[in-house]
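Colleague: Provided below are the primary sequence and the corresponding predicted coordinates.
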Amino acid sequence: MFYIDPVYIVLVLPAVLFAIICQIAVKSTFNKYNKIESRSRLTGEQAARRILDSCGLQRVPIERVSGKLSDHFDPVSNVLRLSDEVYSGRGIGAIGVAAHETGHAVQYSLGYSPMKLRGNIIGVTNIGSKLAIPLIFAGLLLEYFIHFGIVFAYIGVIFFALSVVFQLVTLPVEFDASNRAIGFLESDDILERDEIGGARKVLTAAAMTYVAALAVSIMQLLRLLLLVSGRRR
């Protein structure tokens, strides 16, 4: 017989469905506008190179990586990596994504505070996210045998909260990179005015996936907190 968790259904499931909708939206929006070739006929790689050079970042290399929308800037190696579809694509969608990732490279070069903060806490949050659930279940189990067993569960909740903080810090980083991208596309004459709207829609859809991920984490955190505090009573 299956157990139905009403707290999960009320708190977490709506956020999960929202996240799924956002993932579908970003893929469909990207595919729609990536079919529209920009009048500049620049590829994503060429657009990114133009932006980097105009910002004095000639030494930041651009590499091609496999995967669908696997584009990212690696601050450790100081390398911009673009997926096949974005690297060689000439569509508005590809150029928008390339410009967004270039925005992260510019953030890093300028020492953008939220990005620095995210980089400083990523190690702790990675460890915390891996230990959170095991600690919570261990604490709930130990409570039956030792008086202070529930302390481990609360420590697990705190560790999980660290990952929520990381995602919260990620939001301004992503929104700022998108704003920079739109500015670059306009100032460097990479896209014309009537093409900017399509790129903006792609980047807005992508940003909403981060909002949805944060919503899922917050709801999951509330669920875990209710689980632990309820068991304590």
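Modeller: Now that the structure is in, tell me what you want to look at.
Colleague: going forward, measure contacts and count neighbours with C-alpha atoms only.
Modeller: Will do.
Colleague: Buried residues, the host helix or strand of Tyr154. List them.
Modeller: In the assignment (DSSP states H and E), Tyr154 maps to helix 150-187. By 16 or more other CA atoms under 10 Å, the buried positions in helix 150-187 come out as 150-171, 173-182, 184-185.
Colleague: now swap in stretch 194-206 and tell me
Modeller: Within stretch 194-206, judged by 16+ other CA under 10 Å, the buried ones are 195-196, 198-206.
Colleague: Next: stretch 103-120.
Modeller: Quick answer for stretch 103-120 (16+ other CA under 10 Å): 103-108, 114-115, 118.
Colleague: how long is it end to end?
Modeller: Distance across stretch 103-120, first residue to last, is 19 Å (CA to CA, to the nearest Å).
Colleague: Longest helix in this structure, please.
Modeller: Longest helix in the chain, counting residues (DSSP state H): helix 193-232.
Colleague: Next, the angle helix 150-187 makes with that helix.
Modeller: 180 degrees (axes from the mean of the first three to the mean of the last three CA atoms, to 10 degrees).
Colleague: who touches the one residue sitting closest to the centre of the chain in this structure?
Modeller: Geometric centre of the chain, nearest residue: Tyr210, 4.8 Å, by CA atoms, centre = their mean. Listed by CA atoms under 8 Å, 6 or more residues apart in numbering, the contact set of Tyr210 reads 167, 170-171.
Colleague: Apply 10 Å and report the result again.
Modeller: 19, 22-23, 167-168, 170-171, 174-175, 216 (CA atoms under 10 Å, 6 or more residues apart in numbering).
Colleague: now swap in Asn34 and tell me
Modeller: 28, 85-86, 89-96, 198-199, 202.
Colleague: do the same with Ala15
Modeller: 9, 21, 212-220.
Colleague: just Val79 next, same as before
Modeller: Contacts of Val79 by CA under 10 Å, 6+ apart are 59-63, 72-73, 102, 105.
Colleague: related to what we said a few turns ago, now the residue nearest to the centre of the chain: how far from Pro61?
Modeller: Going from Tyr210 to Pro61 by CA to CA gives 26 Å.
Colleague: any idea of the pLDDT on the residue nearest to Glu192 when sequence neighbours are not counted?
Modeller: Once flanking residues are discounted, Glu192 sits nearest to Glu186: 7.1 Å by CA to CA, 6 or more residues apart in numbering. In this prediction, Glu186 carries a pLDDT score of 93.
Colleague: wait, doesn't Glu186 sit right on Gly197?
Modeller: No - between Glu186 and Gly197 there is no contact, the gap being 11.0 Å when judged by CA atoms under 10 Å.
Colleague: I figured Leu117 hits Pro172, correct?
Modeller: No - in this structure, Leu117 is not within contact of Pro172 by CA under 10 Å, at 11.2 Å.
Colleague: Remind me what the helix or strand of the chain with the lowest mean pLDDT packs against, helices and strands.
Modeller: Lowest on mean pLDDT, DSSP states H and E among the helices and strands of the chain sits helix 6-7, with a mean of 82. Helices and strands touching helix 6-7, by 3 or more CA pairs under 10 Å, 6 or more residues apart in numbering; DSSP states H and E, are helix 193-232.
Colleague: Quick one: distance of the helix it packs on to the chain centre.
Modeller: 9 Å (CA atoms, centre = their mean, to the nearest Å).
Colleague: With that, I have no additional questions.
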